[in-house]
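A.B. asks: Any chance you can model this:
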Amino acid sequence: MRPAATPTTGTYRKPVPLAPPARNHAWLIAGVALVLVALLPLTDHVLSPRMSFAAQMPQIFVYALLSLGLTVITGFTGLLHLGVIAFMAIGVYIYAIATCAVYPFQIGFWPGVVLATVGGAGAGVVLGLPTMRLRGDYLAIVTLGFGEIVQDCLKNLEVVTKGTTGINPLPPPYLPGIGDLVGSGHGYRPTYYLYLALLVLAVALVRNLKRSRTGRAWLAIREDELAARAMGIGVAKQKLAAFACAAALCAFAGALFAALRGTSIEPGYYNFQSSVMVVASVIIGGLGSLSGALLGALLIFGFNLIVLGKVAEALGHHAGANVMADPKNWKCLIFGLVLVLMIRFRPQGLLPAREAR
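C.D. replies: The predicted structure is shown next:
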């Protein structure tokens, strides 16, 4: 078939051959990263106890789940949410009330995790229904207020939540054939691989959800809500689904966190500062990017739990003697500086989503 003539000269032009599509190495990189993370506990035999940090990784996996939940609501749908830690607290306390020996339920680890996830999704629907028409700063203020309300309710409902003392002891993670994975002589490795497997499943679920019809509707709402509505997308329904999915992931993370720590901790732990750290992890990694959310959680919470923890351990009693010597007082300054630099020099994040690239 002869090439078409150009409209200006009428002469035939030889068609330019298309460049071969670039190879996608995402699966290879993800596989290598997963293998490295899976082999991390084996480094305990090589590193000294002071240098080993694999025992802290299950908690970082929990915060990675929080980053995934915020990625769904903010990265995919474009709704700025500043109260994800409140959904984590809801998951923590649902799990604690359903499994602790001081309550009559005592349903066990796996039913408690499922109940917390469903309860978190219900809380997301409750928050999403009255905020359907809110966007931008207004939605951020509402979600911020929701986080403070949840925290105050957990403090004041002492009959149910035990107030500032928290609920404990809570049943640890459990696997059939192995039993309790914490404090049973197995070490941290069974818990490590269980939480890693749950994180991988959550990533696969969110990835498939993004590529589904619902995920494409979320992306359309993020780019232009008015155009999405004109194309026949049920904006209110899709926003509600995003709220429910994000809240379920955060509550799921909360249940795993409570089982890992063996206590609900006091409600003041789930404050606005924790929500800001989750937001920072998503922004640093890249909004709408699953790999970016994981990398951001590793950097932010790994620095907070491992690096600052090792520094505090090295300083010993001097950390509490001086305000400036306490590494916990540095993190807000460091995270704020990192956010300013990221927004100034790389606003799309370290691992931006494909559409951003």
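A.B. asks: contacts, neighbours, all on C-alpha from now
C.D. replies: Will do.
A.B. asks: so where's the stretch 151-300 of the chain shaky on pLDDT?
C.D. replies: Applying pLDDT under 70 to the stretch 151-300 of the chain flags residues 183-186.
A.B. asks: What of the stretch 1-150 of the chain?
C.D. replies: Looking at the stretch 1-150 of the chain by pLDDT under 70, you get 1-26, 45-52.
A.B. asks: Helices of that one, start to end?
C.D. replies: 26-39, 57-70, 84-99, 109-128, 136-156 (DSSP state H, counting those that start in this stretch).
A.B. asks: among those helices, which is nearest Thr191?
C.D. replies: helix 57-70 (7.1 Å; Cα to Cα).
A.B. asks: Same list (the helices of the stretch 1-150 of the chain) but as CSV, adding mean neighbour count and distance to Cys250.
C.D. replies: Below are those laid out as CSV (neighbours: other Cα atoms under 10 Å; distance: least, Cα to Cα, whole Å):
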stretch, mean neighbour count, distance to Cys250
helix 26-39, 12, 22
helix 57-70, 28, 5
helix 84-99, 29, 5
helix 109-128, 22, 7
helix 136-156, 17, 13
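A.B. asks: Need these in TSV (columns: distance to Phe345).
C.D. replies: Below are these laid out as TSV (distance: least, Cα to Cα, whole Å):
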stretch	distance to Phe345
helix 26-39	24
helix 57-70	22
helix 84-99	27
helix 109-128	34
helix 136-156	23
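A.B. asks: out of those helices, nearest to Leu201?
C.D. replies: helix 57-70 (10.5 Å).
A.B. asks: That closest one packs against which elements?
C.D. replies: Where contact means 3 or more Cα pairs under 8 Å, 6 or more residues apart in numbering; DSSP states H and E, helix 57-70 is packed against helix 84-99, helix 189-211, helix 235-261, helix 272-285, helix 290-302.
A.B. asks: Please work out which of those helices is packed deepest.
C.D. replies: helix 84-99 (a mean of 29; mean count of other Cα atoms under 10 Å).
A.B. asks: ok now that helix, how far from the chain's centre?
C.D. replies: 15 Å (Cα atoms, centre = their mean, to the nearest Å).
A.B. asks: Remind me what it packs against, helices and strands.
C.D. replies: Partner elements for helix 84-99 (3+ Cα pairs under 8 Å, 6+ apart): helix 57-70, helix 109-128, helix 136-156, helix 235-261, helix 272-285.
A.B. asks: Any idea how far the third one is from the middle of the chain?
C.D. replies: Taking Cα atoms, centre = their mean, one finds helix 136-156 lying 18 Å from the centre of the chain it belongs to.
A.B. asks: now swap in the last one and tell me
C.D. replies: On the basis of Cα atoms, centre = their mean, the separation between the geometric centre of helix 272-285 and that of its chain is 9 Å.
A.B. asks: And the second one, by the same measure?
C.D. replies: Here the centre of helix 109-128 is set off from its chain's centre by 16 Å, with Cα atoms, centre = their mean.
A.B. asks: Show me what that helix is packed up against.
C.D. replies: helix 84-99, helix 235-261.
A.B. asks: repeat for the last one
C.D. replies: With contacts defined as 3+ Cα pairs under 8 Å, 6+ apart, the secondary structure elements packing on helix 272-285 are helix 57-70, helix 84-99, helix 136-156, helix 290-302, helix 331-345.
A.B. asks: With distance to Leu209 as extra columns, can I get those helices in CSV?
C.D. replies: Formatted as CSV, the helices and strands packed on helix 272-285 follow (distance: least, Cα to Cα, whole Å):
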stretch, distance to Leu209
helix 57-70, 12
helix 84-99, 19
helix 136-156, 24
helix 290-302, 12
helix 331-345, 28
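A.B. asks: how about the ones you listed, which one is nearest Ala242?
C.D. replies: helix 57-70 (9.2 Å).
A.B. asks: Please enumerate residues in contact with the closest one?
C.D. replies: 81, 84-85, 88, 191-192, 195-196, 199, 202-203, 206, 245-250, 253-254, 256-257, 260, 278-279, 281-282, 290, 293-294, 297-298, 301-302 (Cα atoms under 8 Å, 6 or more residues apart in numbering).
A.B. asks: Noted, bye for now.
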